[in-house]
Structure formats: structure tokens, C-alpha cells
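Novice: Coordinates only, no sequence provided:
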Ligand code: S3P
């Protein structure tokens with residue numbers, strides 16, 4: 001995959017944001033839809049697939065392993081090869097910026113008798129893979145990684161591998177999903193024990209594709225050598241993308257935005273819970289279930305926000321939303337305190353340091369601790385702005401400062417908006433359209 005060109009963009013104080021926001025398909029669910037369709041035998045159709053570069057990296061890797069994937073507009077037709085059917089890729093699998101592609105595909109490869117090399121961009125090459133390498137090695141996969149378990153890495157899978165019981169060390173839907181995907185081609189029952197619940201898209205979708213999966217308390221069990229049935233999947237809009245618009249509308253006076261068909265999986269909606277507690281005006285209507293996932297429509301209107309203490313227990317359900325929460329906090333009245341967020345230091349960037357540095361640069365008062373930030377809000381007043389932000393190859397840092405720029409006296413320049421293309425192509429243009 002080509003590294004995209006740096007694209008600087010300027011964000012300045014805007015009028016109210018108004019109108020309907022078209023959102024990208026959920027990134028997490030899109031990866032899983034492609035992978036499970038690949039493991040079914042026959043044709044599945046996926047509607048609403050994310051058009052971002054991360055999901056494109058998953059599609060390209062699956063194609064390189066023999067899966068037929070034809071993308072058309074907002075969807076894809078996938079000709080699955082059946083569990084155990086992946087072929088030896090002829091070249092390295094370029095994961096770009098995508099940790100989810102890497103960790104989940106490592107799981108799939110681990111129980112196939114093939115070898116694959118995983119490479120990625122500078123951000124992904126700094127991220128820890130040991131958390132997934134260790135349990136996959138216990139399955140019998142052979143992994144040679146860079147220092148500290150980092151990319152590039154070579155993984156040789158094993159089939160048949162022996163099932164295992166794994167207790168999660170860090171709350172991570174990616175590690176859990178890697179093991180469940182590996183388990184599809186392992187005879188017997190694999191068990192994953194998850195003391196802290198994380199998003200359960202994999203479990204829901206495995207069930208929908210016909211896998212024998214059970215969830216009892218903290219334990220998830222999956223019977224391998226599964227015969228998955230192809231099916232049609234409708235991917236909901238991404239709540240992690242909706243989060244940026246929800247905060248933008250909350251902080252810019254006079255705003256009113258609508259978002260439809262937004263995924264409302266309980267493992268994803270912590271930000272909306274916290275925003276509501278901060279005083280945000282968010283109405284959810286038309287709640288329904290689509291293909292095993294709860295969805296609904298959101299109406300978000302501007303409202304004065306107040307600072308809150310965010311309980312660390314909420315972290316897994318809003319793990320990707322802290323950068324934009326810190327922006328909301330910077331415009332709230334009073335202090336917002338967060339802790340228990342060490343995981344944010346190993347995302348696409350060190351998100352605690354990136355947000356602390358960027359917010360300070362635009363005039364917010366922020367204190368960085370080892371595992372969280374304390375942000376003193378402006379009480380709805382614009383911040384100074386007038387800074388250039390390095391998004392550190394991290395889409396959520398880029399989009400967070402784009403939103404912050406809408407409420408600053410002087411423009412905020414994001415030195416490179418191209419990372420937004422990993423999850424939300426067209427984000428900057430959408431902000432502009434909503435402000436017109
Ligand atoms: C994801 C899980 C989370 C999240 C990531 C997507 C997933 O990562 O941050 O953006 O799709 O499973 P962890 O599993 O590392 O917490």
C-alpha cells in the first residue's frame with residue numbers, strides 16, 4: 001500500500017453545524033465481516049462496508065490469501081474459501097496503519113498451514129504485538145518479530161493446532177478476536193476468558209455466520225472446524241466516527257446534526273454516556289436491531305457542557321473516543337478527570353501525550369499523568385488556537401484537532417489530515433458542508 005502524501009488542512013471558527021451527517025461503515029464490524037465471509041464457503045454480500053484504508057488493507061490481505069473480494073460502491077461480494085482454506089500469500093501483507101487488520105489476520109493465519117509476513121507504516125511498526133504473539137505461539141504458531149514483538153513479523157501457522165484456554169491479560173477486543181478467529185480452524189473447543197468485557201462484534205457475527213459459540217459469564221467458547229454459512233451483512237454506521245460530529249455539534253453554538261443507523265453496541269457507546277452526563281443534548285430514536293447489532297438514529301444539538309470524572313470502568317467502551325472526549329472537556333465548564341488509560345499510549349500514537357501537547361498548544365489547560373489527563377475547560381469560550389498540530393500518523397488525533405479548530409479564535413492547522421482516510425474518508429469536507 002502506498003504511503004499517502006501529507007495533506008495539511010486549516011480549521012477555523014465556524015458557524016453552527018447543521019444537517020444530516022453521512023457516516024462511514026463501522027470499521028471494527030467491517031474487518032470482521034470480511035474475515036468471516038472469507039471463512040464461509042460461498043458468496044456473502046456486505047453492505048455499508050467502511051471505505052477507509054484500514055479495511056482496504058484487510059481486503060487486500062485476504063485477496064492475497066486466495067479470497068475473492070469484489071468491491072462495489074458501498075459494499076462488497078466475498079467468495080469465501082471455508083475454514084482452513086487460506087492460501088500461502090506470495091508477498092508480504094501490508095497492514096498500513098491498521099492494528100485491527102494485523103492482530104485479527106494473525107489469528108486467522110495462525111491456524112492455517114501457511115506463512116505470512118506482516119508489515120506496516122511507522123505508527124503500526126511501533127505498536128506492541130506481543131499480546132497476540134504469546135497466545136498464538138501457545139497454539140503452536142511460529143512467530144519471528146522485531147525487537148519488543150513489533151512489525152515487521154513473520155508468522156508460520158500450524159494445522160491442526162491444539163485448542164487452548166486463554167485468560168486475557170489486557171482488555172483487548174483485538175486479542176480476543178484473534179484467538180476466536182484462530183479457533184475456527186482448530187479441532188475441539190477453544191476458550192477465552194475475558195475478566196473485563198470488550199466490544200463483542202466478533203462473538204455476535206460468529207453466531208450469525210453459524211459458528212458454535214457460547215458466552216457464559218467471563219468465558220467465551222468456540223467449537224472449531226466450523227462450517228460457516230455465507231450470509232448478507234449490513235454494517236451499521238461507525239459510532240467512533242459519529243463521536244467526532246457529536247462533540248463538534250455539542251461545542252459549536254447553534255449546531256444541530258442528525259446521524260442515522262449508528263451502531264449502538266454497549267461495548268462502543270461509553271462516549272455518548274459520558275457526554276450525556278456532561279450535559280450534552282443527544283436524542284436517540286428508532287432503536288432497532290440490524291443483523292445482530294443494536295443501531296439507532298442520533299440527533300445532537302449544541303449544549304453547554306460541564307466537566308466530569310470519567311470512571312475507568314467505562315474505558316473499554318470508549319477506548320477510541322478519549323481524544324475527542326478531551327476536546328469536549330477543553331470547552332466544558334470545570335474540570336474533567338480521566339485515569340486508567342495506559343492503553344492509550346499504545347494506540348496509533350501515544351494518545352495521552354499527543355492530546356496533552358496539542359491541547360496545550362491551542363491554549364487549553366491540561367495536566368498529563370501516567371494513565372490519564374486532567375483537563376480544565378474554558379466554560380464554552382473559544383480557545384486561542386493559532387497552532388500547528390502534528391497528528392502523529394493517528395486519524396483520531398487529526399480529527400480531534402480539526403473539531404477543536406471550529407471553536408478557536410485563531411486557526412488550527414493539522415499538519416497532515418491524510419490519516420483520517422484510514423477510518424473516515426471525506427471528514428474535512430463533511431465538516432465544511434455542515435457549517436455552510
Ligand atoms: C478494536 C479494538 C480496540 C480499538 C481498535 C479496534 C477492534 O483495540 O482500539 O480501534 O476492532 O477490535 P484493542 O483491542 O487493542 O483495545
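Specialist: Thanks, I have it. Bear in mind the structure is a predicted one, so any value in this text is a computation, not a measurement.
Novice: give the contact list for the nearest residue to residue 259 once chain neighbours are set aside.
Specialist: Nearest non-adjacent residue to residue 259, counting by CB to CB, 6 or more residues apart in numbering: residue 298, 4.6 Å away. C-betas here are computed from N, CA, C, even on glycine. Under the criterion of CB atoms under 8 Å, 6 or more residues apart in numbering, the neighbours of residue 298 are 242, 246, 258, 259, 260, 262, 272, 282, 283, 284.
Novice: Dig out what residue 298 forms beta bridges with.
Specialist: Residue 298 forms beta bridges with residue 259, residue 284, as assigned by DSSP bridges.
Novice: how near is it to the ligand?
Specialist: 20 Å (CB to the nearest ligand atom, to the nearest Å).
Novice: State the distance from that residue to residue 428.
Specialist: Computed with CB to CB, to the nearest Å, the distance linking residue 298 and residue 428 is 21 Å.
Novice: Would you map the strands across the stretch 251-400 of the chain?
Specialist: 256-263, 281-290, 293-301, 309-310, 335-338, 365-369, 372-376, 383-389 (DSSP state E, counting those that start in this stretch).
Novice: how much space between residue 253 and residue 432?
Specialist: Computed as CB to CB, the residue 253 to residue 432 distance reads 18 Å.
Novice: nope, residue 273 is what I was after
Specialist: From residue 273 over to residue 432 (counting by CB to CB), the distance is 29 Å.
Novice: Could you do residue 147 as well?
Specialist: Applying CB to CB to residue 147 and residue 432 gives a distance of 43 Å.
Novice: Kindly report the same for residue 237.
Specialist: 20 Å.
Novice: ok, now residue 206?
Specialist: Using CB to CB, residue 206 is found at 40 Å from residue 432.
Novice: Same question for residue 390.
Specialist: According to CB to CB, residue 390 and residue 432 sit 22 Å apart.
Novice: And residue 347, by the same measure?
Specialist: 27 Å.
Novice: With residue 290 instead?
Specialist: From residue 290 across to residue 432, the span is 30 Å (CB to CB).
Novice: returning to what we had before: residue 390 and residue 432: who's more crowded?
Specialist: residue 390 (17 against 13; other CB atoms under 10 Å).
Novice: For the stretch 201-350 of the chain, which residues are neighbours of the ligand?
Specialist: 319, 320 (CB under 6 Å from any ligand atom).
Novice: Helices along this structure, start to end?
Specialist: Per DSSP state H, the chain carries helices over the ranges 27-39, 53-64, 99-110, 130-138, 173-183, 201-208, 239-251, 270-277, 322-330, 351-361, 395-405, 427-435.
Novice: Skipping its backbone neighbours, what lies nearest residue 67 in space?
Specialist: Leaving out its chain neighbours, the residue that sits closest to residue 67 by CB to CB, 6+ apart is residue 38, at 4.2 Å.
Novice: Confirm for me that the one you found is in contact with residue 63.
Specialist: No: with contacts counted by CB atoms under 8 Å, residue 38 stays clear of residue 63, the gap being 9.4 Å.
Novice: Can you work out which residues contact both of those two?
Specialist: What both residue 38 and residue 63 touch, as defined by CB under 8 Å, 6+ apart, is the set residue 69.
Novice: For residue 48, give me its contacts.
Specialist: Residue 48 touches 25, 74, 75, 234, 235, 236, 237, 261, counting by CB under 8 Å, 6+ apart.
Novice: Name the member of the residues you listed with the most neighbours.
Specialist: Top of the contacts of residue 48 by neighbour count (other CB under 10 Å): residue 235, with 28 neighbours.
Novice: ok, so what distance separates the residue nearest to residue 259 from residue 240?
Specialist: Distance from residue 298 to residue 240, by CB to CB: 13 Å.
Novice: between these two, what contacts are shared?
Specialist: In contact with both residue 298 and residue 240: no residue, using CB under 8 Å, 6+ apart.
Novice: rewinding a little: report pLDDT for the residue nearest to residue 67.
Specialist: On the pLDDT scale, residue 38 is placed at 98.
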